[in-house]
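Asks: next input, structure requested:
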Amino acid sequence: MSLRITLVGLLATLASGLATAPFAGEEHPVLPTWKCTTSGGCVQQNTSIVLDKDSKLAKGAAGSRSAADYAAMGVTTSGNALTLYHYVNSQPASPRVYLLDSDTNKYVLMVLQDNQELSVDVDLSSLPCGENGAFYLSEMAAEGSGSAGAAGGYGYCDAQCQGFCCNEMDILEANSQATAMTPHPCKGNSCDKAGCGYNPYASGQRNFWGPGKTVDTSKVFTVVTQFAASGGKLTSITRKYIQNGRQIGGGGTINNCGAEGGSGGLPGMGQALGRGMVLAMSIWNDAAQQMSWLDAGSNGPCASGQGSPSNIQSQHPDTHVVFSNIRWGDIGSTTKN
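Replies: Sure thing, here's the model as predicted:
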């Protein structure tokens, strides 16, 4: 008991010290993005990415401030492309990063409720069964939390109530074998933790997603997520894809998401999008469920055991995801040449 108390006290002291000591001088890798309108086209934004503070602490990098730390923790950028590696030097990194406004050191708030869309080019080709390349939105505060704030990667929240409870819009959770798009609305601490997802495989489209399939995950493609509104309320979320210059429909539409009086439903999700949400990107796997909720059984073609972290680490040590060419704005504006 005394050892546990000592350890708890030590961790509390460390956490307190870190919360009051901003990551001063940390170099945030540049990742340009674009904000678009139908009338004015796309304007490049001065954005960068910041590692979640837990990713830094997990690798013992709290006292280190250089950009080289990002590569050591599985994060690299090149031009408008972000690459996240799950393993670095055979050790798990599993990084999570957020989009940061380089001019203000605050998180970028994407306002997407009123007939807006978000597009991103993705490369999932090296993500096997059990792996998850996640591209999603969280209703975090723009300034983060504590004195370290957004520049230190503080303030995370989601609908699973990690950190604290907040609205979460899973734009893309995917590997090369399966994918899901899932709103998770919250009203206070009442969150739809299961969400109202759309998974093509689970919906009967068994040949839609995968290497050589309609959306060929062995190659790069563009993911477009559109948020349609009417009368100031979000009415639907629709997914489209573009690959080899061809638009691919059938990615799914979500028209409702539970009771508005409970967790807020689709209108509540729309209100969060109207207030602005922070873009998060991560790569992870799941020892408890082996990502079966995403890619096995009725959700995908993966067999039992394929998605175990030990199997992934031994068979796919280079597994990574690439997100690039991130654009948001009016529906129809982000994919114009």
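Asks: low-confidence regions, the stretch 201-337 of the chain specifically.
Replies: 337 (pLDDT under 70).
Asks: one more time with 90
Replies: Filtered on pLDDT under 90, the stretch 201-337 of the chain yields the residue ranges 232, 259, 304, 336-337.
Asks: mind listing the helices for it?
Replies: Taking DSSP state H, counting those that start in this stretch to define them, one finds helices in the stretch 201-337 of the chain at 265-275, 292-295, 309-315.
Asks: quick one: closest of those helices to Ala151.
Replies: Nearest of the helices of the stretch 201-337 of the chain to Ala151, taken as C-beta to C-beta: helix 265-275 at 21.5 Å. C-beta coordinates here come from the backbone N, C-alpha and C atoms, glycine included.
Asks: what comes up buried for the closest one?
Replies: Counting neighbours by 16 or more other C-beta atoms under 10 Å, one finds that the buried residues in helix 265-275 are 265-274.
Asks: ok but Ser55 is inside a helix, no?
Replies: Yes. According to DSSP: H, G, I helix; E, B strand; the rest coil, Ser55 belongs to a helix.
Asks: ok, it - contacts?
Replies: Taking C-beta atoms under 8 Å, 6 or more residues apart in numbering as the definition of contact, the neighbours of Ser55 are 73, 93-97, 153.
Asks: 6 Å instead, please
Replies: Listed by C-beta atoms under 6 Å, 6 or more residues apart in numbering, the contact partners of Ser55 are 73, 95-96.
Asks: among those residues, who's most crowded?
Replies: Neighbour count (other C-beta atoms under 10 Å) singles out Pro95 as the most crowded of the contacts of Ser55, with 25 neighbours.
Asks: on that earlier part again, which of the contacts of Ser55 lies closest to Ser310?
Replies: Proximity of the contacts of Ser55 to Ser310 (C-beta to C-beta) peaks at Pro95, which lies at 19.9 Å.
Asks: shouldn't the closest one be in contact with Met73?
Replies: Yes. Counting by C-beta atoms under 6 Å, Pro95 does reach Met73; the two are 5.2 Å apart.
Asks: ok so, going back, can I get the helices of the stretch 201-337 of the chain in a markdown table including distance to Gln177?
Replies: Below are those laid out as a markdown table (distance: least, C-beta to C-beta, whole Å):
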| stretch | distance to Gln177 |
| --- | --- |
| helix 265-275 | 27 |
| helix 292-295 | 5 |
| helix 309-315 | 12 |
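Asks: quick one: Tyr70 is in a helix?
Replies: Yes. In this structure, Tyr70 lies within a helix as judged by three-state DSSP.
Asks: ok, it - contacts?
Replies: Residues Pro29 are the ones in contact with Tyr70 under the rule C-beta under 6 Å, 6+ apart.
Asks: now do 8 Å
Replies: Applying C-beta under 8 Å, 6+ apart, the residues near Tyr70 are 29, 51, 76.
Asks: and if you look at Cys129?
Replies: Under the criterion of C-beta under 8 Å, 6+ apart, the neighbours of Cys129 are 175, 177, 291, 295-296, 300, 302-303, 306-307.
Asks: gap between Gly297 and Val220?
Replies: Taken as C-beta to C-beta, to the nearest Å, the spacing of Gly297 relative to Val220 amounts to 28 Å.
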